[in-house]
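# test case, fold it:
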Amino acid sequence: MKRSIFKIILAIIILAVLVLVGAFYIYRGLSLRQINVSLNVPTADQQIGVPFVVGVTVTNDSNSALNNVRVTTALPAGLVLAGNHNERVIEDDMSQLQAGASFNRTYTLIAVPVSSYNAENLVSTVYYSPQSITAVFNKSTTVPVNVANPNFTLNLTTATTTVFSGENFSLTAAYANNGTSTVSDLKLEFDYPSGYAPISANPTTTSSQPVWDLGQVPNGGGGQVTVTGQASLPDNSNFPMAASLVGTVDGQDYVLTSQTVNMTIAQSPLSLSISLNGGDPNQTIYPGETLNYVLTYANNTPSTFSNINLKAQVLGSMLNWGTLQTNGSFSGYNNTITWSHTTLSQLSSLGANASGTVSFSVSLDSSYPIRYLNDKDFTVTVKAQASSPTVPYLINAGQTQTLAMSEAKVAGQIAVKSAGYFRDAASGIVNTGPWPPKVGQATEYSIHWSVVNYATDVSNLTVQAQLPPGVTFVGAAQNNSSSTLVYDQSTNSVVWQIGNLPATTGLLTTPPQVVFQVSATPQASDAGNYMTILGETDASATDAFAGGTLTASSSPITTLLPSDPTVSVGQGIVQQ
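Here you go, the predicted structure:
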C-alpha cells in the first residue's frame with residue numbers, strides 16, 4: 001500500500017515538472033515572437049576605408065514591458081567601428097523597453113583590408129527578461145555586408161637572388177591598383193633585414209624610414225620603387241627582402257598586400273672561417289677555460305688579393321681581457337682585434353688559391369657575473385671580417401669582403417650540499433638513540449640536502465645517495481618545494497626528484513631543501529672509527545641552454561658530523 005502511494009506521488013511530481021518545463025518553453029516561444037531585432041545595411045559593395053552607416057532596430061510587440069534589455073552587435077574581422085577599431089562588440093543597454101516601443105541605434109562602420117574579401121556578416125542580438133520572470137531570453141539576426149576587393153598587386157623583382165657579401169644589388173617593388181575605384185593614403189614600406197645597408201632609392205623618400213607615401217592611386221594606376229643596397233652577412237646565409245602596400249584607414253595602418261624575396265649570400269672569393277680550440281667555434285665552453293681562436297682566410301680565385309685587413313669583435317661578459325694574447329691590435333673601446341697589412345707582411349698579398357691564419361687567445365673568468373635574476377645564459381660571440389680593395393671581375397662592389405660569426409655557449413653549473421645532524425633543534429627533529437653511537441644499537445640522524453643552480457635553467461634535476469650497510473631510511477621530514485623525495489628499495493638509495501630549476505636559484509633566491517631521517521646501527525668493525533651514515537651524494541641535470549649534462553657531488557657523511565655545532569671532534573667515534 002505504501003509503495004503504491006509513493007509511486008502516485010512520484011508520478012504527480014514528474015508530471016508537474018514536465019508541465020512547468022513545457023510552460024516555460026511555450027512562454028519562451030511566444031516571447032520570441034513578440035520581440036524583433038533587425039539590421040539595416042547598405043546593399044551596395046562597400047569600399048575599403050570609406051565609412052558607411054548601419055542601423056539596429058529592436059521592437060517590443062508584446063503587451064508588457066521587457067526588462068534588462070541589452071543589444072550587442074558583433075563585428076566581423078573585415079569591419080571596424082569608426083574611431084575605435086579595437087571595439088569588436090558594440091553594446092547598448094536600455095534597461096526597460098515598454099510595450100509597443102522601439103529602440104533604434106546607428107553606427108558608423110569602415111571596411112578594412114583582410115586576407116580574403118567575401119561577405120562580412122554582422123550579427124545583432126537582443127537580450128531581455130519578460131515581466132514577472134527572471135529568465136533571460138535572446139534573439140539574433142545576421143545580415144551580410146558586401147565589401148569590394150581592393151585588388152592591389154605587388155611584385156618584387158631582383159636581377160639575382162644570390163649576391164656576395166658587400167655587393168650592391170637592386171630590388172624593385174612594382175604596384176598596381178586593379179580595382180574599380182581610387183584608393184587614398186597608400187604607402188609602400190620596405191622591411192630591411194639585419195645586416196642590410198641601403199645605398200640609394202629611385203624615387204627617393206622624404207621619410208627617415210624606408211616608407212614611400214604614394215598618396216592617391218586611381219583605378220588602373222600604379223608605379224614602382226627601386227632600392228639599392230648591400231648585405232654584410234656570412235657566406236651561405238639567407239636573408240629576406242620584403243615590401244608591403246599599406247593603406248591608412250581612419251588613422252590606422254592596414255596591410256593590403258605584401259611580398260618577400262629570399263636572398264642568399266654566395267661563397268665569397270675571399271673566404272673566412274673561425275675555429276675554437278681546434279674545432280667547432282660554436283662548442284660549449286666552461287668557466288676558467290682558455291679559448292684559442294684561429295681565423296683562416298683563403299683566396300678562392302686565380303687572382304691575387306692585396307692589402308688584406310682582418311678584424312674580430314669579441315663579445316662576452318665572462319671574458320678576462322687581462323689574459324688576451326694576440327699579434328693583432330686590440331681596442332678595448334669596442335673589444336675588437338685588428339690585423340692590418342701595414343703591420344703583418346703576410347696580409348700584403350695573397351696569391352691564387354692561397355690561405356693564411358691569424359689567432360688570439362683569451363680566458364674566461366672562473367665565476368659567473370651574477371647579480372640579478374636575469375643574469376644567465378652567458379656566451380662568447382666572435383664577429384670577424386676580412387676585406388681587400390681587390391675586386392674580382394663582374395662583382396659590383398667597392399671592395400671584396402667576407403664575414404664569419406660564431407657563438408660559444410658557456411655551460412651552466414650546479415652544486416649540491418649534504419649535511420648530517422644528531423641534534424637538529426633548528427629543524428624541530430628529535431633524533432633518538434645512543435650518543436656517542438654504540439655497536440649494535442640504532443641511532444637516528446637527520447640529513448639535510450640543498451642544491452644551487454648558477455647560470456642556466458636546468459631540467460631533470462635529480463639528487464641521490466646510497467645508504468651504507470647498517471643504515472635504513474626512516475622517512476622524509478621536511479621539503480620546501482614541490483619536489484619529491486623517495487626511497488628506492490631496489491638500489492637502497494634515497495632519491496630527490498626536483499625536475500626543472502631556474503638559473504640563479506639558491507644564489508639570489510632560497511635554495512630547494514629537503515630533510516630526511518636515517519637510522520644507523522654500527523657493526524663491530526665500526527668500533528673505534530667514524531661510521532658512514534650516507535654515501536656520496538650525486539646530482540645531475542640537463543643544461544637547457546648549452547645542452548649536455550651537469551653533475552655535482554658531495555662527500556659521504558660520517559658520524560664525525562662536522563655540520564652539527566653541538567658535536568665535538570671525536571664524539572662521533574663508535575663505542576663498543
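# from F169, how far off is P193?
13 Å (Cβ to Cβ, to the nearest Å). Yep, even glycine has a C-beta here, placed from its N, CA and C like the rest.
# actually S303, not the one I typed
22 Å.
# among those two, which residue is more densely surrounded?
F169 (21 against 16; other Cβ atoms under 10 Å).
# check which helix or strand covers that one.
Assessed by DSSP states H and E, F169 sits inside strand 168-177.
# pull up the pairing partners for the helix or strand just after that strand, direction included.
Using DSSP H and E, the helix or strand that follows strand 168-177 in sequence is strand 183-191. Applying DSSP bridges, strand 183-191 is found paired with strand 211-217 (antiparallel), strand 238-249 (antiparallel).
# average pLDDT across the last one?
On average, the pLDDT along strand 238-249 is 92.
# that one versus strand 168-177: what angle between them?
30 degrees (axes from the mean of the first three to the mean of the last three Cα atoms, to 10 degrees).
# show the subsequent helix or strand relative to strand 238-249.
Sequence-wise, the next helix or strand downstream of strand 238-249 (DSSP H and E) is strand 252-265.
# what do you get for the shortest one?
Beyond strand 211-217 in the direction of the C-terminus, DSSP H and E gives the next helix or strand as strand 222-231.
# show me what that next one is packed against.
In terms of contacts (3 or more Cβ pairs under 8 Å, 6 or more residues apart in numbering; DSSP states H and E), strand 222-231 is packed against strand 168-177, strand 196-202, strand 211-217.
# export the ones you listed to JSON lines and append columns for distance to Y421.
Converted to JSON lines, the helices and strands packed on strand 222-231 look like this (distance: least, Cβ to Cβ, whole Å):
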{"stretch": "strand 168-177", "distance to Y421": "72"}
{"stretch": "strand 196-202", "distance to Y421": "64"}
{"stretch": "strand 211-217", "distance to Y421": "70"}
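# turn these into JSON lines, columns for distance to A77 and mean pLDDT.
Converted to JSON lines, those look like this (distance: least, Cβ to Cβ, whole Å; pLDDT from 0 to 100):
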{"stretch": "strand 168-177", "distance to A77": "23", "mean pLDDT": "95"}
{"stretch": "strand 196-202", "distance to A77": "33", "mean pLDDT": "95"}
{"stretch": "strand 211-217", "distance to A77": "24", "mean pLDDT": "93"}
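# which among the ones you listed is found nearest to L485?
For the helices and strands packed on strand 222-231, the distance to L485 is smallest for strand 196-202, at 55.4 Å, taking Cβ to Cβ.
# next, the nearest residue to P389 once chain neighbours are set aside: phi, psi?
The shortest distance from P389 to any non-neighbouring residue, by Cβ to Cβ, 6 or more residues apart in numbering, is to Q399 (5.3 Å). Backbone dihedrals for Q399, given as degrees, to the nearest 10, come out at phi -160, psi 170.
# please enumerate the helices of the stretch 1-150 of the chain.
2-33 (DSSP state H, counting those that start in this stretch).
# measure T472 to T304 for me?
Counting by Cβ to Cβ, the gap from T472 to T304 is 80 Å.
# now swap in S450 and tell me
65 Å.
# of these two, who's got more company?
S450 (19 against 13).
# which of the helices or strands spans that one?
strand 443-453.
# C-alpha coordinates for that strand, PDB please?
Coordinates of each C-alpha in strand 443-453 appear next as PDB, following Å, rounded to 0.1, in the frame of the first residue of the first chain:
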ATOM      1  CA  THR A 443      70.900   5.900  16.400                       C
ATOM      2  CA  GLU A 444      68.900   8.300  14.300                       C
ATOM      3  CA  TYR A 445      70.300  11.200  12.200                       C
ATOM      4  CA  SER A 446      68.800  13.900  10.100                       C
ATOM      5  CA  ILE A 447      70.200  14.500   6.700                       C
ATOM      6  CA  HIS A 448      69.900  18.000   5.000                       C
ATOM      7  CA  TRP A 449      70.200  18.300   1.200                       C
ATOM      8  CA  SER A 450      70.200  21.600  -0.700                       C
ATOM      9  CA  VAL A 451      71.100  22.500  -4.300                       C
ATOM     10  CA  VAL A 452      72.200  25.600  -6.100                       C
ATOM     11  CA  ASN A 453      71.800  26.300  -9.800                       C
END
